[in-house]
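Q: any chance you can model this:
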Amino acid sequence: MEKGEELMKVLLIIGIILLVIALELYSFWLKLLRGKPGRVAGADVEKKTFEEALVVDVRWRKEYARGHAINAVSLPIKLFKNGSDVLDDYKDKDIILYCVVDVTSRNTEKLLIERGFTKLHIGDGIKQYDYGKAIYTNTLLSEFKYRISVSKNYQLLNLGEEILDDKEFKILPEEVDGILEKLDKESEIFVYSENPEQNKEVCKKLGLAGYTIINLVEPFNTKKYRDAFYNKSDYEENPAEEITSDCG
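A: Residues are numbered from 1 along each chain as shown. A predicted model of the protein is given here:
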């Protein structure tokens, strides 16, 4: 009987210890989800125009491809760990970084501060706000140019006045229904204009219809496009590195 009572006491103590550990871990996870104060709410993140702020998803590109803020570009933290200058032309803009919670975004913030960035903000991560599934992909000008250069099958959809190519489809946003039969769902459709805000509804409509859309989030300018420089290493995919993680 005594041995039985001693065993029960030991099991009770172990149970209490495990319960305390579980509660501590749960408390830590809740704290992690809440993140540090001062974040930009997810709903406000998605309302930002390019003029107001550049929204940057710093998770792996495969995570971005599953779902992201409707106005976000994908620039994984690994770029900045490798010393990429991909954002250096945007130092004068407000930049909102977000990830899963806010670990990776704050680490990215530190790296950018070291490069002289001062107008940085942290947005809600995907565990704090449901940004929804990816409808289309957004890019900055350098990536836009790179992706056109490597695309094996693409079409150009110009919603503005500046000319990129004589083979482009040049229409007003409200005329998109009239060219649907000319757009190939097997192609990548590159969308651009001087007013990127007017692109959104067109991109959303085409994305929901099953087209693969690459949208330029900044105003298109022909000369700026011609002069744009990109580092292939910023955008070349390395599947071995793309390990999905929910920790940041």
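Q: so where do the strands sit in the protein?
A: In the chain, strands defined by DSSP state E lie at 54-57, 72-74, 95-98, 120-122, 137-139, 154-158, 169-170, 188-192, 212-216, listed in chain order.
Q: for the closest residue to residue 75 other than its chain neighbours, list each beta-bridge partner.
A: Residue nearest to residue 75 in three dimensions, not counting chain neighbours: residue 56, with 5.1 Å by CB to CB, 6 or more residues apart in numbering. All C-beta atoms are positioned from the backbone trio N, CA, C, and that covers glycine. In this entry, residue 56 is beta-bridged to residue 73, residue 97, by DSSP bridges.
Q: for residue 56, what are its contacts?
A: 72-75, 87, 95-98, 108 (CB atoms under 8 Å, 6 or more residues apart in numbering).
Q: ok, which pair from those residues is furthest apart?
A: 87 and 98 (14.8 Å; CB to CB).
Q: among the contacts of residue 56, who's most crowded?
A: residue 98 (30 neighbours; other CB atoms under 10 Å).
Q: per-residue pLDDT of that residue, please?
A: At residue 98, the pLDDT value in this model is 98.
Q: tell me how far it lies from residue 233.
A: Distance, residue 98 to residue 233, using CB to CB, to the nearest Å: 24 Å.
Q: which stretches of this protein form helices?
A: Taking DSSP state H as the criterion, the chain carries its helices at 2-34, 42-45, 61-66, 77-81, 103-114, 141-150, 199-208, 222-227, 232-235.
Q: out of these, which gets the lowest mean score?
A: Looking at the helices of the chain, the bottom one is helix 2-34 with a mean of 61.
Q: can you name the residues in contact with stretch 166-177?
A: Contacts of stretch 166-177 (CB under 8 Å, 6+ apart): 155-159, 163, 178-179, 182-183, 198-199, 201-202, 205-206.
Q: end to end on it, go ahead and measure it.
A: Start and end residues of stretch 166-177 are separated by 21 Å (CA to CA, to the nearest Å).
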